[in-house]
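>>> predicted model and sequence follow; I will ask about them next.
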Amino acid sequence: MNKTLSISLLAVVFAYTAEAQDAKITIQANQGTNKIKKEIYGQFAEHLGSCIYGGLWVGKNSPIPNTDGYRNDVLQALKELQVPVLRWPGGCFADEYHWRDGIGPTEERPKLQNNNWGGTIEDNSFGTHEFLNLCELIGAEPYISGNVGSGSVQELAQWVEYMTSDANTPMANLRRKNGREKAWNVKYLGIGNESWGCGGNMTPEYYSDLYRRYAIYCRNFGNNQLYKVASGASDYDYTWTKVLMNKIGSRMNGISLHYYTVKTWEGSKGSATIFNDDEYYRTLGKCLEIEDVINKHCAIMDEKDPDKKVDLLVDEWGTWWDEEPGTIRGHLYQQNTMRDAFVAALSLNIFQRHTDRIKMANIAQIVNVLQSMILTDTKGSGHMVLTPTYHIFNMYKPFQESTYLPLETQCGNMKISETLTIPTISTSAAKTADGQIVVSIANIDLQKQQEIEIKTEGYKAKNVIAQILTSKNITDYNDFSHPETIKPTTFKNISIRNGNIKMKIPAKSIVVLRIS
Ligand code: AHR
């Protein structure tokens, strides 16, 4: 890894000459202006590996307990998580997906090869109805990723009509014939995915023209108002953002950004579970680098759109490790350790800091693929484990729709290499609708506990409750034999005196506090 951590991040984190404590957090409790959109806690489900088949969906005749084909264990876990938005059907899969293959009697749907992901046979038993009904069941807003790469304008326009029109027209009537009388509400529509790569290998100029053409024919039916998302840049491709801002501008409601925390040094992506301390710190360095990437894309957006009419949506993010040994190639099945929990916590803290521009983020992916919330198997009546990443999303729930609070964090830095220095802690704060202050603190240090003081300017703290996620080893994870190695517990090592909070947070742990 030869990138240095962003200047902007270092600006708020400086070497703190410890007095009594190792770190001090000062929260401006009355200065919040921006809401943290709940969609920052969004999820992504692709027809990839066992995300859909075996993960979310087992079909009505499965021995695995299910509701209309959806796994009961997974449904319950997702309801608990309050998933605000779910992106589907891809990913790369989306640009080869033809929605008519996934409607009508299941036995008549074509069985095709999934060309992007291991050549697995896709039987299309999970299609538009199954996806949109799932969203209704778990209370998530659907985010449809439309096929631009290998589809047509007519195909996408008719899909929108099929899903959202209540008129007496062929598309709406076809939906009725397939068992759904009332139109669904579909807000988010992606016009292509990774159009610079698997979604068509286009130039930004060519894509911009296509976007404009596709977008105009995707119409609002009845009360359904589409929010159109342009396929944005990968990581450091600032030219892509610049061209789209110039050529599409406010014709798009949002532009996406994809950024994976992937090992960029020494050979393969690396094992999800076998890594040393140095690799852990370097991973967090790569994760934190997203802030620099966001700042640069936002600066380009600000130039063209100072009023922030166009949102930035990080609609794919998370860790990407080597596939677990013994699993099917191309299915991107990976385990999830405490290291992944840190990547989740640090990323969410960063997204929240940029909540003026970032209005959605979708971690990749919801079940059994990349940095998932849930791992499942289909043996017997099926097993499920919640990953450390799931627990972070669950602990962070109070942030959804809270008001972001500016804060200053004074803490130490850790020099990992000549080019990489990272802060010992990562933080975020917000005020909930009922007036509580919620604070997240991740102690990145693997060895050292941190003694932390929290000041809430303009707010007298009287009570505090907290949850902690930690484990003996950073490489620990949950599996089907040990599903609860890592789970949140109540954190008690906190005191309040004169409205100021003091706490000792153990090495390699993440704490979320609720202050009232
Ligand atoms: O999430 C896995 C893949 O990563 C998606 O299909 C694609 O959009 C990205 O390259």
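Done, it's in. Numbers count the residues shown, from 1 in each chain.
>>> residue 273 and residue 118, how far apart?
Residue 273 sits 22 Å away from residue 118, going by CB to CB, to the nearest Å. For glycine as for every other residue, the C-beta is placed from the backbone atoms N, C-alpha and C.
>>> equivalent analysis for residue 286, please.
Taking CB to CB, one finds residue 286 at 26 Å from residue 118.
>>> more neighbours: these two, which one.
Between residue 286 and residue 118, counted using other CB atoms under 10 Å, the more crowded position is residue 286 (21 against 14).
>>> what helix or strand does the more buried one sit in?
Here residue 286 sits within helix 277-288, counting by DSSP states H and E.
>>> and after that helix, which helix or strand comes next?
Sequence order places helix 290-304 as the next helix or strand after helix 277-288, per DSSP H and E.
>>> for residue 185, what are its contacts?
With contact taken as CB atoms under 8 Å, 6 or more residues apart in numbering, residue 185 is in contact with 141-142, 164, 223-224.
>>> check these and tell me the two furthest apart.
Using CB to CB, the contacts of residue 185 reach their maximum pairwise distance at 142 and 223, which is 15.5 Å.
>>> of these two, who's got more company?
residue 142 (21 against 9).
>>> the more buried one in helix, strand or coil?
What DSSP: H, G, I helix; E, B strand; the rest coil gives for residue 142 is strand.
>>> what residues are bridge-paired with it?
For residue 142, the beta-bridge partners under DSSP bridges are residue 86.
>>> please look at it and residue 133 and confirm they touch.
No. Residue 142 is not in contact with residue 133 according to CB atoms under 8 Å; the separation is 10.1 Å.
>>> what about the one residue in the stretch 251-400 of the chain that gets nearest to the ligand, neighbour count?
Closest residue of the stretch 251-400 of the chain to the ligand, CB to the nearest ligand atom: residue 364 (4.1 Å). Residue 364: 25 surrounding residues under other CB under 10 Å.
>>> same deal with residue 308?
13.
>>> what's the nearest residue to it if we skip its chain neighbours?
With CB to CB, 6 or more residues apart in numbering as the criterion, residue 308 has its nearest non-adjacent residue at 5.9 Å, and that residue is residue 357.
>>> cool, and residue 52?
Spatially, and ignoring its direct neighbours in sequence, residue 52 is nearest to residue 126 (5.0 Å; CB to CB, 6+ apart).
>>> how about residue 346, phi and psi?
When read as degrees, to the nearest 10, the backbone of residue 346 gives phi -70, psi -40.
>>> mind pulling the model confidence for the closest residue to the ligand within the stretch 401-516 of the chain?
Nearest residue of the stretch 401-516 of the chain to the ligand: residue 477, at 20.2 Å (CB to the nearest ligand atom). Looking at residue 477, its pLDDT reads 98.
>>> gap between the residue nearest to it when sequence neighbours are not counted and residue 364?
Among residues not flanking residue 477 along the chain, residue 337 sits closest, at 4.5 Å (CB to CB, 6+ apart). According to CB to CB, residue 337 and residue 364 sit 17 Å apart.
>>> ok, residue 475 next?
Counting by CB to CB, the gap from residue 475 to residue 364 is 22 Å.
>>> doesn't residue 240 belong to a helix?
Yes. Counting by three-state DSSP, residue 240 falls inside a helix.
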